[in-house]
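K.L.:
Build me a model:
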Amino acid sequence: MAGRLVIKLCIISYILHGSAVCANDASKHWTEFVTSLDQKVTRLENLLMAKDARISELEARLDTELEKKNTQMSHMKQYIDARIRELENNQGTANENSEWLQQREEKEIGVAPSEVVAFHTKMSASKTLSSGEIIVYDEETLDQGNGYNPREGIYTVPVSGTYVITWKLLSRIHTVIVTSLVVNGEVMGSSDTDSEDITDIHQSTAIVVLPLVEGDHVLIRVSGMYHGGVVSDSQHGKATFSGWKI
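P.N.:
Here you go, the predicted structure:
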């Protein structure tokens, strides 16, 4: 801009005075302007070359990453395809084994394995028991299979199979009660509910897993006791007797 202004002033001076006094100055400023412009163009060209080099480097890196990702995707696809084939083969084998087990169970038990068999009973109120007495859980809340007798406290197995049997007792303060799970007169498990040395109610729960045959008689019997007081109420909890076929 300064060079152009000098040139314009020299032209005006020449027109007014008929002299080229400013010619040398104008030429000098023009040379400086052109030199400065060349330097700016050179810097811009260098910047553009650097940008082009950076873009080429980024494009090369992008190509490398894309190739790496494509390779990883190809390996992942191969792995997934292999797992799908493996699962399909395993599913076919599992279906065959399931059908075989179902047929075998139906032959051994005589009923479909999907049949639900379970019972759950409670003792309606606290009571005092005697040694050798069958514990009668007289409050029946579940009996799928119609096997429990709430008047006698005896569960008659409706379907052969493997069962989980569990019972819970709460003993009064300074009381000891030993109970047994009895199947057809044979003891198959026991539990000791002991509050003798503590001034509080004590609870015990026992679980037994065993095979049972249709028609077996299952019950809970007192096999030993001291004072024999059983707690069963809404405040402390109910004594229970439960079982289910697995």
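
K.L.:
and the longest helix for this protein?
P.N.:
helix 23-109 (DSSP state H).

K.L.:
partner strands of the very next helix or strand once past it, parallel or antiparallel?
P.N.:
Moving toward the C-terminus from helix 23-109, the next helix or strand (DSSP states H and E) is strand 118-122. As defined by DSSP bridges, the strand partners of strand 118-122 come to strand 139-144 (antiparallel), strand 240-245 (antiparallel).

K.L.:
wait, which of those is closest to E133?
P.N.:
Among the strands paired with strand 118-122, the nearest to E133 by Cβ to Cβ is strand 240-245 (13.9 Å). Heads up, the C-betas are built off the backbone N, CA and C, glycines and all.

K.L.:
how is the chain carved up into domains?
P.N.:
2-89, 118-245 (automatic domain parsing).

K.L.:
out of the ones you listed, deepest packed?
P.N.:
With neighbours taken as mean count of other Cβ atoms under 10 Å, these reach their highest mean count in domain 118-245, at a mean of 17.

K.L.:
would JSON lines of the strands paired with strand 118-122 with mean pLDDT and distance to R43 be doable?
P.N.:
Putting the strands paired with strand 118-122 into JSON lines (pLDDT from 0 to 100; distance: least, Cβ to Cβ, whole Å) gives the following:
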{"stretch": "strand 139-144", "mean pLDDT": "96", "distance to R43": "91"}
{"stretch": "strand 240-245", "mean pLDDT": "97", "distance to R43": "88"}
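
K.L.:
Any idea which of those strands gets closest to H202?
P.N.:
strand 240-245 (15.6 Å).

K.L.:
For the closest one, what is the distance to the chain centroid?
P.N.:
29 Å (Cα atoms, centre = their mean, to the nearest Å).

K.L.:
can I get the CA coordinates of it in PDB?
P.N.:
Below are the C-alpha coordinates for strand 240-245, written out as PDB (Å, rounded to 0.1, in the frame of the first residue of the first chain):
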ATOM      1  CA  THR A 240     -42.300 -75.800  58.700                       C
ATOM      2  CA  PHE A 241     -42.000 -79.100  56.800                       C
ATOM      3  CA  SER A 242     -41.500 -78.900  53.000                       C
ATOM      4  CA  GLY A 243     -40.300 -80.900  50.100                       C
ATOM      5  CA  TRP A 244     -40.200 -80.900  46.300                       C
ATOM      6  CA  LYS A 245     -39.100 -83.200  43.500                       C
END
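
K.L.:
Please shift the residue numbers so they start at 39 in all later answers.
P.N.:
Happy to do that; since the first residue is 39 now, the last one works out to strand 278-283.

K.L.:
now that strand against helix 61-147, angle please.
P.N.:
Here the directions of strand 278-283 and helix 61-147 differ by 100 degrees (axes from the mean of the first three to the mean of the last three Cα atoms, to 10 degrees).

K.L.:
List the contacts of strand 278-283.
P.N.:
By Cβ atoms under 8 Å, 6 or more residues apart in numbering, the list of residues contacting strand 278-283 from outside reads 154-161, 173, 175, 180, 183, 191, 193, 197, 199-206, 256, 258.

K.L.:
how about 7 Å then?
P.N.:
By Cβ atoms under 7 Å, 6 or more residues apart in numbering, the residues outside strand 278-283 that reach it are 155-160, 175, 193, 197, 199-206, 258.
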